[in-house]
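S.K.: The sequence and its predicted three-dimensional model are supplied below.
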Number of protein chains: 2
Amino acid sequence: MSSYAGAMEEADPLTDALVQSAFETIAVLSRVSAEHDLSLTLVRVLGILRDRRLRISALAGFLGLERSTLSGLVDRAARRGLVERLPSASDRRAVEIALTAAGRQLATSVAAEVRQALAPHTASLAPADRRRLQQLLERTLTQPGTGAAK
Amino acid sequence: MSSYAGAMEEADPLTDALVQSAFETIAVLSRVSAEHDLSLTLVRVLGILRDRRLRISALAGFLGLERSTLSGLVDRAARRGLVERLPSASDRRAVEIALTAAGRQLATSVAAEVRQALAPHTASLAPADRRRLQQLLERTLTQPGTGAAK
DNA sequence: TATTGTTATACTCTATAACTATA
DNA sequence: TATAGTTATAGAGTATAACAATA
């Protein structure tokens, strides 16, 4: 190994912290989801649909998955009465996926539980630190419309 | 909905930022992993084994998965020459899983790629902000030994 | 021709349960 | 009896490819 290679292998503590935090956060989300017999992906779908209706292809784009995958996912969610397929007014090939009342209620309570489950992780932070962390995190997120996200 | 329920449903911007950041980070990790034909879980295993040997059951504990799941995962990784099963000196039922030279090399280059792939997300932060974000994230992580993590 | 969604198929990850070897 | 690991089996999530309907 050259010293160059050594330099490239140096751990970056910020990267490590982001990755660690991500795994812990996803673990919490997965646990809460599982308690409602929901997959992490389906929870994301319910969350996305809380404030809009989307086509299968748009949903797939949001999640970075194939349309066929969403087709099956929506099938199972519809069979459970969480979402419904509505014909598109403008394109007879398309369907719009919308939450049912039950789906909306479930999405709401899952979101509340996630907040509660994550609270112990941030409870030790003073209000000013909470704001700072939030702002710093937001600055590391891909900006919508910059093209950095597909 | 009562006003109490309304209060409970209020979104917490810090929670939202943590969750958003987690999904973006995991997406980056998944992409890098996939480029090496590795699952996210296997990348985690390689990372965990970089500085220690662990039994199947300890590995399962670390990842929150069942022993049978790890058994299969280790099988496939061993067939690819990334890890090896070593008999435990103290317990003839147990095996210790260790990285091979090839596994170590792969773990190192994946870690480097993850750092590079994550760099654009944190590039806009000044050095002082990077340190602050790192410290704040570390304070939100589960402390080892507090019992909060199984 | 191109696009929207669905279906058929196959593979990976995961868990549960039953098993063996050892403790 | 209890524990470490494996195996058999099954279910969910995912992708690829082929398809029908519509644009």
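M.R.: All right, it came through fine.

S.K.: hey, what's A:Glu96 bridged with?
M.R.: A:Arg55, A:Leu86 (DSSP bridges).

S.K.: So which residues of chain A form strands?
M.R.: A:54-55, A:83-87, A:95-99 (DSSP state E).

S.K.: Among those, single out whichever gets nearest to DNA strand C.
M.R.: strand A:54-55 (3.1 Å; Cβ to the nearest atom of the strand). Heads up, the C-betas are built off the backbone N, CA and C, glycines and all.

S.K.: Do that closest one and DNA strand C come into contact?
M.R.: Yes - Strand A:54-55 comes into contact with DNA strand C (Cβ under 7 Å from any atom of the strand), by way of A:Arg55.

S.K.: what's next to that strand, contact-wise?
M.R.: A:Ile48, A:Phe62, A:Ser88, A:Ala94, A:Val95, A:Glu96, A:Ile97 (Cβ atoms under 8 Å, 6 or more residues apart in numbering or on different chains).

S.K.: now chain A, which segments are flagged as low pLDDT?
M.R.: Chain A contains residues with pLDDT under 70 at A:1-10, A:143-150.

S.K.: which residues in it form helices?
M.R.: A:3-9, A:13-35, A:40-48, A:56-63, A:67-79, A:101-122, A:127-140 (DSSP state H).

S.K.: What count of nearby residues applies to the closest residue to A:Val114 other than its chain neighbours?
M.R.: Counting by Cβ to Cβ, 6 or more residues apart in numbering or on different chains, A:Val32 is the residue found nearest to A:Val114 once chain neighbours are left out, at 5.3 Å. Number of residues near A:Val32 (other Cβ atoms under 10 Å in any protein chain shown) recorded here: 22.

S.K.: hmm, back to that, among the strands of chain A, show me which one is buried the most.
M.R.: Highest mean neighbour count of the strands of chain A: strand A:95-99, a mean of 20 (counted as mean count of other Cβ atoms under 10 Å in any protein chain shown).

S.K.: Pull the contacting residues for the residue nearest to the spatial centre of chain A.
M.R.: Centre of chain A computed as the mean C-alpha position; nearest residue by Cα atoms, centre = their mean is A:Arg44, 4.5 Å away. With contact taken as Cβ under 8 Å, 6+ apart, A:Arg44 is in contact with A:Leu63, B:Phe23.

S.K.: just to revisit the earlier point, export the strands of chain A to JSON lines and append columns for distance to B:Leu136.
M.R.: Putting the strands of chain A into JSON lines (distance: least, Cβ to Cβ, whole Å) gives the following:
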{"stretch": "strand A:54-55", "distance to B:Leu136": "34"}
{"stretch": "strand A:83-87", "distance to B:Leu136": "37"}
{"stretch": "strand A:95-99", "distance to B:Leu136": "34"}
